[in-house]
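1. for reference, the sequence and a predicted model appear below.
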Amino acid sequence: MATWRPMAEHDIPGVMRVADEVHRNLPEQESTFRERLSLFPGGCMVLVRKEEKDDQMLPVVGGYLISFPIRHGKPPALDQPLGGIPPDSDQYYIHDLAILPAFRRGGAGAQCVDRVLDSPVVRRYPTTCLISVYGTAPFWARFGFARPEPPADVAMKEKLCSYGPDAVYLVRRN
């Protein structure tokens, strides 16, 4: 059985394997993941289960979540360094939730999203946002995410281009 736990530095190679498989068309550098973990470790989790290898039970990363506070409506472009968490952050951002197909049974994604949205850190912010890719907006709608009113401005539309042609900016009230 797979479980979510806080991400650690030693999980990065496993996170990269998941990212490389799930996000073949939206690659991010290992340094991007390391920076986000170092800047806001409380927003980074991995989905892990023990598997037998060489007569040992070893943890295998099958998914991850990266999230952090941002300024309202200012999510980062894909694979760009943050440089820091803005001290005047006023919105929470879910940058990425990625799970390998073999780990998707049993509602692991929903479990993770519920855990994040119910956390005291997230509840400090009036809203949470994300950029939905690969047609996942219906999944996120289950948690109250929807297109904002008014719609995304020109700068946001340009940023969405870095996430692919089907990218959609979504927001929910916390």
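-> Received, thanks. Numbers count the residues shown, from 1 in each chain.
2. going forward, measure contacts and count neighbours with C-alpha atoms only.
-> Will do.
3. so who does Asp11 touch?
-> Asp11 sits next to Val46, Val61 when contact means C-alpha atoms under 8 Å, 6 or more residues apart in numbering.
4. what residues sit buried inside the helix-or-strand element of the chain with minimal mean pLDDT?
-> For the chain, the helix or strand with the lowest mean confidence is helix 154-161, at a mean of 84 (criterion: mean pLDDT, DSSP states H and E). Along helix 154-161, the positions that meet the burial threshold by neighbour count (16 or more other C-alpha atoms under 10 Å) are Met156, Lys159, Leu160.
5. how about that helix as PDB, C-alpha atoms only?
-> Backbone C-alpha positions of helix 154-161 (Å, rounded to 0.1, in the frame of the first residue of the first chain) are rendered in PDB as follows:
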ATOM      1  CA  VAL A 154      -2.800  38.600 -21.200                       C
ATOM      2  CA  ALA A 155       0.200  38.000 -19.000                       C
ATOM      3  CA  MET A 156      -1.400  34.800 -17.500                       C
ATOM      4  CA  LYS A 157      -2.300  33.600 -21.000                       C
ATOM      5  CA  GLU A 158       1.300  34.000 -22.000                       C
ATOM      6  CA  LYS A 159       2.500  32.100 -19.000                       C
ATOM      7  CA  LEU A 160       0.000  29.300 -19.600                       C
ATOM      8  CA  CYS A 161       1.700  28.700 -23.000                       C
END
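6. turn the buried residues of helix 154-161 into JSON lines, columns for distance to Leu65.
-> Output for the buried residues of helix 154-161, formatted as JSON lines (distance: C-alpha to C-alpha, whole Å):
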{"residue": "Met156", "distance to Leu65": "22"}
{"residue": "Lys159", "distance to Leu65": "21"}
{"residue": "Leu160", "distance to Leu65": "19"}
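7. identify the bridge partners of Tyr64.
-> In this structure, Tyr64 has beta-bridge partners Val46, Ala98, where bridges are defined by DSSP bridges.
8. show the contacting residues for it.
-> Taking C-alpha under 8 Å, 6+ apart as the contact definition, Tyr64 lies against Met7, Val15, Val18, Cys44, Met45, Val46, Leu47, Asp96, Leu97, Ala98, Ile99.
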